[in-house]
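**Student:** What shape does this take:
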Amino acid sequence: MSKLTPRQSCPSRSTSHEPEAPYVGPVMQNVAINEDEIGRRAMAVHEAGHQVMAVALSVTSKGVILAGDRGRSFDALSRHGLDPSEMRYWALLRKEIQILLAGEWAVRIFYDKIGDSSEAYGSEADRTALGYLVSELSTQEEVPKYILLQQHEDMVFASLRARWRYVERVADSLLTLGSLTGYDVEELLLEMPKRDSDAPRATSARI
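**Tutor:** Modelled structure (predicted):
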């Protein structure tokens with residue numbers, strides 16, 4: 001299972017593209033909330049980010065687990081049996097990169113909304129896998145890794161902000177139940193737009 005840890009070199013750009021009212025979601029309903037509760041919700045948001053991005057990319061959810069401050073997501077994306085000479089191989093690899101990035105960027109958005117300065121955004125397992133995937137894509141497309149990473153981060157950030165209500169919906173259910181089946185996730189995201197052009201824009205109070 002993954003645990004959130006600080007990234008060695010965090011992207012410098014802010015998650016706030018326009019002024020927003022203070023976050024008033026579940027984590028702020030009790031002013032006495034402690035760091036453990038914030039950390040647990042951050043982990044739920046992390047896993048919800050993975051799930052929302054997967055479904056947004058038309059990848060079937062296989063469920064998600066939250067145990068304490070650790071979690072794990074499952075989906076049906078697989079490049080097994082595909083050859084790198086096939087276009088589908090690279091299309092799936094790009095999706096895999098975005099799904100991995102979504103956990104970290106969901107937490108960055110969450111921390112920004114509650115005014116938390118923590119830098120524990122993502123998991124070492126995600127970052128390790130991401131490094132290999134971005135390197136492979138960089139070699140294939142002959143584009144520097146940092147450019148590819150920034151391009152995918154921008155896409156993930158925009159996609160999550162447009163679907164933030166759904167990230168919260170999955171995170172809330174995960175915190176309550178501890179685990180969700182793929183069917184549960186798909187039901188929670190049934191009304192979620194798959195294309196970014198169909199997703200609602202951010203509001204001043206919530207995304």
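**Student:** Which other helices and strands does the helix ranked longest in the chain contact?
**Tutor:** Of all segments of type helix in the chain, defined using DSSP state H, the longest is helix 87-114. Counting contacts by 3 or more Cβ pairs under 8 Å, 6 or more residues apart in numbering; DSSP states H and E, helix 87-114 packs against helix 35-56, strand 120-123, helix 124-141, helix 145-162, helix 164-177. Any C-beta I mention is one placed from the backbone N, CA and C, and that applies to glycine too.
**Student:** Comparing the ones you listed, which yields the minimum mean pLDDT?
**Tutor:** Among those, strand 120-123 carries the lowest mean pLDDT, at a mean of 72.
**Student:** any idea how far Ala106 is from Val55?
**Tutor:** 13 Å (Cβ to Cβ, to the nearest Å).
**Student:** between those two, which one's more packed in?
**Tutor:** Taking other Cβ atoms under 10 Å, Val55 and Ala106 do not tie; Ala106 has more neighbours (33 against 24).
**Student:** re the thing from before, roughly how far is the longest helix of the chain from the heart of the chain?
**Tutor:** Relative to the mean C-alpha coordinate of its chain, helix 87-114 is positioned 5 Å out (Cα atoms, centre = their mean, to the nearest Å).
**Student:** Settle this for me: Glu96 is touching Leu133, isn't it.
**Tutor:** Yes - the pair Glu96 / Leu133 is scored as a contact, 5.9 Å apart, by Cβ atoms under 8 Å.
**Student:** Which one's more surrounded, the two?
**Tutor:** Glu96 (21 against 18).
**Student:** how close does the more buried one sit to His80?
**Tutor:** 12 Å.
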